[in-house]
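K.L.:
the following block contains a protein sequence and its predicted model.
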Amino acid sequence: RYLKTLELYKILELLSKEATLEDSERLALEIEPETDFQAVEERLRNTEDAYIFMAKYQAPNFAGAKNVINSLRRAQSSAVLSIPELIAVAETVRAIRVVKEWRQNCLSMENTSLEDCFLSLVPNKYLEDKINFAIKNEEELNDNASPALYDIRRKIAGKQAKLRENLEKIIKGPTAKYLQEAIITQRDERFVVPVKAEYKGQVNGIVHDTSA
């Protein structure tokens, strides 16, 4: 009743809008007044030190950080993470490194009440670089992500080249007269050539699609 009278919820809404991370935004809305005197003093010291940090060095950059705890737990259980999950992990590790480096550059600030927070940050540049090297974009891994993947894609490229070579013989050879157009296209990720309907029995292969 007192909190409602004081309109604490309005203050917390304003606070939540300053949060960079989704979790921080949610946690800001759940803040309740502290009733333990020592805890209040500690929180006030935290706030004062944070204010001094920002006044002297501006706020650290948390951009890109996400809550990846579920992904990490799955990875710990030998699950395979999706590319978006790996990107989120890399971005979070990068954000941790950036904040850690920011703290190390705040040379005039020593033994603050926030040191435990900074000490809990453990950068992992090796993991960050490994993920970034392996991922091409949100949908594709780089060929060199692993020796096995490189070998598989090399074989696929070889097979595709062989297929195109065979189709080139069709569109340039004696069977070209049975085609609607002398082109190679794709249907359902398969290479095809457009055969005239009345000649479909003249070209060896399977009909994958029919034009209206």
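P.N.:
Happy to help now that I have it. Residues are numbered from 1 along each chain as shown.

K.L.:
what sits against the most centrally placed residue in the chain?
P.N.:
Centre of the chain computed as the mean C-alpha position; nearest residue by CA atoms, centre = their mean is Ile87, 2.7 Å away. Taking CB atoms under 8 Å, 6 or more residues apart in numbering, we find Ile87 in contact with Ile131, Ile135, Glu138. Every C-beta, even on glycine, is put in place using the N, C-alpha and C of the backbone.

K.L.:
next, it: secondary structure please.
P.N.:
With DSSP: H, G, I helix; E, B strand; the rest coil as the basis, Ile87 sits in helix.

K.L.:
which among the contacts of Ile87 end up buried?
P.N.:
Among the contacts of Ile87, those classed as buried by 16 or more other CB atoms under 10 Å are Ile131, Ile135.

K.L.:
determine the number of other residues adjacent to Glu18.
P.N.:
Using other CB atoms under 10 Å, Glu18 is surrounded by 10 other residues.

K.L.:
what pLDDT is listed against Gly173?
P.N.:
The model reports Gly173 with a pLDDT of 85.

K.L.:
distance-wise, check it relative to Val193.
P.N.:
From Gly173 across to Val193, the span is 11 Å (CB to CB, to the nearest Å).

K.L.:
so between those two, which is more surrounded?
P.N.:
Neighbour comparison, Gly173 and Val193: the larger count goes to Val193, with 20 against 9 (by other CB under 10 Å).

K.L.:
what's the more buried one sitting at in phi/psi?
P.N.:
For Val193, the backbone dihedrals are phi -120, psi 150 (criterion: degrees, to the nearest 10).

K.L.:
next: the one 3 residues further on.
P.N.:
With angles defined as degrees, to the nearest 10, Lys196 sits at phi -60, psi 140.

K.L.:
that one touches Glu181, doesn't it?
P.N.:
No. The pair formed by Lys196 and Glu181 falls short of the contact definition of CB atoms under 8 Å, at 9.8 Å.
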